[in-house]
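Colleague: Next one to model:
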Amino acid sequence: MERNSAADAMQWSIDLEKGIRSKAPGRSAEAILELGPRLQRWSLEPEPTPAAHHLFDLIPGEDRLFANAILLRLADAFASGDEHTKLCVVKVFLMEYRGRDKRKGKRYKGLLSKARVRNHLELLSRVKVVFDNGDANSRALALALFGCWADFAKDSAHIRYLVLSSLVSSHVLEAKAALFAAGCFCEFSDDFPCILLEMLVSLMTSTETLLPIRLAAARVYAKMGYSFSTATRAYKTGLKLVLDSSDENYQIAMLVSLSKIASTLAILMPDQVGFLFLFLNQEKRLRETALKCLRFMFSKGVCHISANADLVKALVSTLDEPLVPASIQCEALKILHKMVLHMLPSLPGDLLDLAKLLTVFENASVSPFMSKSLLGIRVLVDISNKFRGDRYIGSKWSCPPPLPSQVVPLIVDRITFQVKSLFDICVSNSVVFQEVNNLLKLLLSITREHPDSGVMVLDQIFVFLRYLSSMNDKVTATALVDTLVNENADNKGERNKVSRLKLACKVHRFIGTYLENLSEESGAITQLVFDKVKLLIEHVCECKFFDCYTQAIFSLLLHSPVIWGHNTNKTEESFNLDERSRKLLYNYSVDRELITLEFAKKILAENRNWLAYKVGMYSACQGAWFTSTFIFQQLIMRVHSDSCCRWLKSLFQFSQSEAKVMLLLLTKEDSSFTDQLEKIRPYIVFICSDLGEIGHDGTNSFYERNYGKVLLSAYGSVSSSKETLEFDVTSGQAFSFQRWFLALRAKALQAVVDVLKILSAIPFGWENSNNNEQVQESSVVECLLSLEQIAQVSLRLKRLTEEFDLFSASFMDIDIKSSNTISGLALSTSLLAFITGLFLFVPNLPHTCLKISSSSLRADLIQNLAARLWHIDHEISTKLYQIINANEHANKEFCNLKSRNQAFNFGCGARDVLNVCRYAITDMACLRSETDGTLKEENTYRVIKIALQLTFKILIKWMEIPFGTPKYFFRVRPCIGSELFVVNVAAKNSDGIFVLAGHYLSLSLCLQLRNVPPDLPVRPIKLYSMLYCRVSFQEPTPVPEKKYQSRSSYQAWESDNMVEMNEKLLRYVTQQGTKDINNSKCGSGNTDHQFVNTFVCFEPNQRGQGFSSCLLDVSRFPVGSYRITWISCCVDNHGNYWSLLPLNAGPIFTIC
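Modeller: The predicted model follows:
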């Protein structure tokens, strides 16, 4: 457990005292400066709670004692030290001041707040002595300290007088320090700004005031905006001060301060905009400042009444003047951008000359200045997107907005221009690549808002790729000349080659993202778009100037699930997947993967192992399992590290598993795949040897036993992959995501194998048999027992779906694409659970054959699937709800973990699931219509047979849904999790946790986040934990443990009740405050199943550490030792719910 600042305070105090007393040269100043970051961190942490005191063995008030001791020691060092020591002390407190959240103002509760500094009079008196007896520099340093201590210094009349009297000092440094302190006082005092305002006006209007002091006073003038009356008076006075002054520097400082004051009051914003307008015709610096202030005002939400025709004309004229610097023109362009996009709907129609504005933006987009050109293009793109189609109708545009056909060529031309600059050795590659990224993002925004523009965009991208190819010829020709005169020509040529390949990779990512966006928006790509993409990829694959890696990743685009969706949807009619279309699809898929395999083979031959690994990673994400299996198997023999070897072996086994399933789907079609399989066989010899002869047995039997055999082998490979990662893991949470994901995939495959095994054992021939009634009755009994087994598998799959939801919500730093992939797998598993339970929807089903309620399971399966589809296909969801009775689906609320985190967006994978779902619903509706609810008992088993045959048929179609790996799977750094530290309140110094029989267990808790990356896009604001224990959790003997448990080696996701407990915690978070869920509970009934639990809420500090306490009702537990199990979660600043992986085991307590 990390020690917080309160726990370290005593040691910090000792270190400071030792350092100050040290005789070593410079050690005293070094010890003082070391406190800077420590005090800054301490100030950001809340005051320790009683739980924190218990956990760190602190005496209540101990932290305040040492905090005051440190502050007094620093004040003593300031009073008795030399000038350098004084400066070091001031630096320490300035660091704390700059680390504050200035938005809190009077709500500041840091280390130097009045409530936490008990001996502030002693501090002030020590520093006041220096002020009274020191020189000008010492007085300036003392004033700086008064400013840092403003929360308690403002209440001293003596200190106020010192600050105000120092404002008129003739020493510049002292006057500036006084102005700093006065500004700090304004942040915490209600009356001080009124006093300071009068003095500032007097100071700035005095002819005896030095210019540096006037400028400092003008900057402090912005502090006058903390109250309405003072801000209004200060603003009106400030306007007069600016107009009466002729000093440019002073005017600039006052314009900034007045803009800050006006931004705090909506009533002043229009006046300030009009005032800034007066300076748009001034000299360069004043005009640029006025434009920056205008942009600042617009960013603060200036309403449309602030805009006027004169302002627009002034901004346009600024852009038209050739002598105006580009920086000023960019500021004007940014303001016009905001006005047009955010205020146009509410502006009068005659206010803006929109045609002229468009001309201005178009001229800016072709400017030779890069910043202005990029900004102009962005404005045109935003206008084109916002006022497209029906949005244009009824808008205030007097002329049509720019079309994509006008904007797209501008963007591609600018990209081409940027690429040309790569050959200039003086241009930074990182800058060029960043600008190219920004331009490609603009292209993506156009394709999202204008789906019909995709073909044109692809044409332009194709032109750009051909330009990249042609550049190689030019560079090769010039390189021969350069080598004769320049010895660095080879380095330059290699640099240009690398740059071109990087650009090609950026184009690859753009095309992949574009196809995904198009698939999500319109459901499937068109034939024309597919042909354009295919032509573009074939050009890259056939061009000799692109390396094998670039060609490989481009070829994988044609193996994307988006492309698969294009082929399957192209010939789909009435929800039936056309067999011929699917055969063509598999032929095409194998042909394209053969090309990728050839490129991979060449990469490996060149010993470019890292690039080969990346191709294998992309292949696994796209579902090109033959390629990934081949690459990972080859790489195993090329690494020397044992850990890398195990990682690659695990990837190989996982890919091998999916390749077996893919090979099964290919070979089951017909003999037309023989040629393709013969070509691909050299790359997958090990798979073919494992499976032996696969194909039809010529009987066309219903069961097709090969499915069970191959899927069982695939299940074994996935399990082996998981076991490989667990071989010698020192920490139980290493490869957490990977092992959990493999475990989920193994459970899904095992369920399919179990269903196929059950179906193969059902005697379906009894109704055609001439055997006696006793044999027929025995067959019927076997059938009913099989139905119970299938129902149990369906129930398992439903729980697996919920586990997928929990899995998706357990990794805070997961990328959106990976999260969508996992959500798609959850949807697919929900469909699988529904498919296996199809027989439950047969009318007159003998319910006595099922141990579980068929109506309850039926409603759960429908609810689980329909609720997931509600936001992506309302029609299918409605049909699902219509299948069951109204009383079985009264609650349509979909309260699972995943739905709390993001909108329903499963990508192109959802389309394949929808196709199978439509097929299942259609066939099931036909089955139900045949029975018409009047099915006789003697026909019930015949219909059950039809339902089970339909289950097998749809199950095979479910297997054909492409399976890809989340990109996050290849992120091997430790995952974000939490550790729980516990001590007994009653006996905190003992070696264990003990409680008397019949008493409650009182605990102090610390929940600590671990492995949180510094660039995490979300910030946890609340932590929650659930502690629970059962009598069955009793340990056979007391286990000696350390006070704080070490990291566990168990796998949290293997807990049988993991999903149920997380659902309990989710309900607590969403229903916080209800008494019946907030309190500990003890179950009743059988003692072996007695259960207690409690919920705890934590307020995390900056380091993700929270403290709290709880009571656990173990009064009914018998004497013995028990382990407490725990789970935790957090809510981020966007309101999203995230489950946290537990990184250590729960504590053991003993009842005696």
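
Colleague: tell me the SS of the spatially closest residue to residue 1069 that is not a sequence neighbour?
Modeller: Ranked by C-beta to C-beta, 6 or more residues apart in numbering and with sequence neighbours excluded, the top spatial neighbour of residue 1069 is residue 1024, at 5.6 Å. Quick note: C-beta positions are derived from backbone N, CA and C, even for glycine. Following DSSP: H, G, I helix; E, B strand; the rest coil, we place residue 1024 in the strand state.

Colleague: so residue 1024 makes contact with residue 1094?
Modeller: No - contact criterion C-beta atoms under 8 Å: residue 1024 and residue 1094 do not qualify, at 11.4 Å.

Colleague: name the element the residue lying closest to residue 324 once chain neighbours are set aside belongs to?
Modeller: The shortest distance from residue 324 to any non-neighbouring residue, by C-beta to C-beta, 6+ apart, is to residue 318 (5.8 Å). Assigned by DSSP states H and E, residue 318 belongs to helix 309-320.

Colleague: and that helix, C-alpha only, in CSV?
Modeller: The C-alpha coordinates for helix 309-320 follow below in CSV (Å, rounded to 0.1, in the frame of the first residue of the first chain):
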residue,chain,number,x,y,z
ALA,A,309,-22.1,43.3,-39.8
ASP,A,310,-19.3,45.7,-39.1
LEU,A,311,-17.4,43.1,-37.1
VAL,A,312,-17.8,40.6,-39.9
LYS,A,313,-16.6,43.1,-42.5
ALA,A,314,-13.6,44.0,-40.3
LEU,A,315,-12.6,40.4,-40.0
VAL,A,316,-13.0,39.8,-43.7
SER,A,317,-10.9,42.8,-44.5
THR,A,318,-8.2,41.5,-42.2
LEU,A,319,-8.0,38.3,-44.3
ASP,A,320,-7.9,40.3,-47.5
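
Colleague: Check which helices and strands that helix sits against.
Modeller: When contacts are defined as 3 or more C-beta pairs under 8 Å, 6 or more residues apart in numbering; DSSP states H and E, helix 309-320 packs onto helix 269-277, helix 326-343, helix 354-365.

Colleague: out of the ones you listed, nearest to residue 180?
Modeller: For the helices and strands packed on helix 309-320, the distance to residue 180 is smallest for helix 269-277, at 25.3 Å, taking C-beta to C-beta.

Colleague: mean confidence for the closest one?
Modeller: The average pLDDT for helix 269-277 rounds to 87.

Colleague: Which neighbouring elements make contact with that helix?
Modeller: Using 3+ C-beta pairs under 8 Å, 6+ apart, helix 269-277 sits against helix 228-244, helix 248-263, helix 284-299, helix 309-320.

Colleague: Now that we have the helices and strands packed on helix 309-320, can you turn them into CSV and tack on mean neighbour count?
Modeller: Formatted as CSV, the helices and strands packed on helix 309-320 follow (neighbours: other C-beta atoms under 10 Å):
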stretch, mean neighbour count
helix 269-277, 20
helix 326-343, 20
helix 354-365, 19
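
Colleague: could those helices go into CSV alongside distance to residue 992?
Modeller: Below are the helices and strands packed on helix 309-320 laid out as CSV (distance: least, C-beta to C-beta, whole Å):
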stretch, distance to residue 992
helix 269-277, 64
helix 326-343, 63
helix 354-365, 72
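
Colleague: Now do the helix holding residue 318 against helix 284-299, angle only.
Modeller: 130 degrees (axes from the mean of the first three to the mean of the last three C-alpha atoms, to 10 degrees).

Colleague: outside of helix 309-320, which residues touch it?
Modeller: 273, 277, 280-281, 287, 291, 324, 328-329, 332-333, 335-336, 339, 351-353, 356-357, 360, 363-364 (C-beta atoms under 8 Å, 6 or more residues apart in numbering).

Colleague: can we see that at 6 Å?
Modeller: Helix 309-320 is contacted by residues 277, 280, 324, 329, 332, 335, 336, 351, 352, 360 when judged by C-beta atoms under 6 Å, 6 or more residues apart in numbering.

Colleague: so what's residue 20 up against?
Modeller: 28, 31, 77.

Colleague: got a pLDDT number for it?
Modeller: 92.

Colleague: Could you check the pLDDT of residue 849?
Modeller: 56.

Colleague: about what we covered before: give the burial count for the residue nearest to residue 324, as a bare number.
Modeller: 20 (other C-beta atoms under 10 Å).

Colleague: and if you look at residue 883?
Modeller: Residue 883 has 18 nearby residues by other C-beta under 10 Å.

Colleague: ok, back up a step: for the helix holding residue 318, buried residues please.
Modeller: Neighbour counts over helix 309-320 (16 or more other C-beta atoms under 10 Å) mark 311, 312, 314, 315, 316, 318, 319 as buried.

Colleague: so what secondary structure elements neighbour the helix or strand containing residue 67?
Modeller: Using DSSP H and E, residue 67 sits in helix 62-80. Packing partners of helix 62-80 (3 or more C-beta pairs under 6 Å, 6 or more residues apart in numbering; DSSP states H and E): helix 5-21, helix 83-98, helix 120-133.

Colleague: Just the buried residues of the second one, please?
Modeller: Buried residues in helix 83-98, counting neighbours by 16+ other C-beta under 10 Å, are found at 85, 86, 87, 88, 89, 90, 92, 93, 94, 95, 96, 97.

Colleague: tell me which of the residues you listed is nearest to residue 128?
Modeller: Once C-beta to C-beta is applied, the member of the buried residues of helix 83-98 that ends up nearest residue 128 is residue 86, at 13.9 Å.

Colleague: Would you mind measuring from the closest one to residue 129?
Modeller: 12 Å (C-beta to C-beta, to the nearest Å).

Colleague: And for residue 148?
Modeller: 17 Å.

Colleague: Name the residue in these two with the higher neighbour count.
Modeller: Counted by other C-beta under 10 Å, residue 148 and residue 129 do not tie: residue 148 has more neighbours, with 21 against 15.

Colleague: Thanks again, I'm all set now.
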